[in-house]
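1. can you look at this prediction? I've put the sequence above it.
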Amino acid sequence: MPDPEELLYPTRAERVEDRRKERQQRKLVDEFFDHATLLAVGRLINRGQFQSVDYPISTGKEGGVFRASSPDGFRAVKIYRIGNTIFRHVPPYVIEWLRREVGAMGNTSRMIFAWTRREHTVLTQLREADVRVPQPFGHFRNVLVMDFIGVEGLPAPPMQEIVLQDPQAVFEDLTAQLKRMVVTAHLVHGDLSPYNVLVLEDRPVLIDVAQAIATDHPQARELLLRDTANFARYFRRLGVETSAKEFFEAAGGAELPSGTTT
Ligand SMILES: Nc1ncnc2c1ncn2[C@@H]1O[C@H](COP(=O)(O)OP(=O)(O)O)[C@@H](O)[C@H]1O
Ligand SMILES: [Mg+2]
């Protein structure tokens, strides 16, 4: 018969564990939801974009992605951290674009807001071109709201984290998505990897598109070559017969406007 006191009062170990969890939770809240970000989240809630933020799907140095609930279903809310970290990883062509966008008076926050808006714009362009990406619903300051990619409330895993049932089918589907991206949307992803492709019901969904660039940019060819070389290796390891060159051409490389440098 357990001591009734123990049933009522948590043990010391439990109390320590509770406090650790609470600290962790508070750290997360402090890190992402500074006062300005909370106001931005509030603004999006007032606009009816979602009702509540449920839990973090992914947190990193540059930002976090959270599941949120709305009356029309789940949403993914991507919050960029206000700080310089994101600019350490973004390529020079994007920094150039950001500087032009925010002008001489632009500070870090403005650049991050421009970056958030850019992700929203690119997602819109890709949806219009029928490329499988999350539908964007809105953005405000450093917060982007998009369709939640998942099943029954559980987020779809990045390709990196799972074993593909049918690599050949995913390869062909991905090739078609990339080709539409180049031929119809006139964009190159620029950071394509198995981390930035989610697998939803055995089909690839592209994410993390803010750094995408126009196909007529001088670096577009080089970026598509890099994007496709990585993936060609990845699929070859899974037994798909392809080469970097073949995948590049099939994924829209053959259609890239000529005159861009290699
Ligand atoms: N729309 C979405 N639906 C479900 N999960 C998502 C969505 N967008 C992002 N995620 C999850 O969040 C992670 C990080 O998102 P990503 O856009 O790649 O940002 P980061 O800049 O941190 O790489 C992804 O790997 C994925 O697990
Ligand atoms: Mg990513």
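-> Okay, I see it. Ligands and ions are numbered 1, 2, ... in the order given.
2. other SSEs contacting the strand or helix carrying residue 20?
-> Following DSSP states H and E, the helix or strand that holds residue 20 is helix 12-32. Helix 12-32 is packed against strand 52-59, strand 63-70, with contacts defined by 3 or more C-beta pairs under 8 Å, 6 or more residues apart in numbering; DSSP states H and E. Just so you know, the C-beta spots here come from the backbone N, C-alpha and C atoms, and that holds for glycine as well.
3. JSON lines for the ones you listed, including mean pLDDT, distance to ligand 2 and mean neighbour count?
-> What follows is the helices and strands packed on helix 12-32, written out as JSON lines (pLDDT from 0 to 100; distance: least, C-beta to the ion, whole Å; neighbours: other C-beta atoms under 10 Å):
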{"stretch": "strand 52-59", "mean pLDDT": "95", "distance to ligand 2": "8", "mean neighbour count": "14"}
{"stretch": "strand 63-70", "mean pLDDT": "96", "distance to ligand 2": "9", "mean neighbour count": "20"}
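4. can you put those in a markdown table and add distance to residue 139?
-> Putting the helices and strands packed on helix 12-32 into a markdown table (distance: least, C-beta to C-beta, whole Å) gives the following:
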| stretch | distance to residue 139 |
| --- | --- |
| strand 52-59 | 15 |
| strand 63-70 | 13 |
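5. pipe these into TSV and attach distance to ligand 1 per row.
-> What follows is the helices and strands packed on helix 12-32, written out as TSV (distance: least, C-beta to the nearest ligand atom, whole Å):
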stretch	distance to ligand 1
strand 52-59	3
strand 63-70	4
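6. which residues of the chain lie near ligand 2?
-> When proximity is defined by C-beta under 5 Å from the ion, the chain lies next to ligand 2 at 196, 208.
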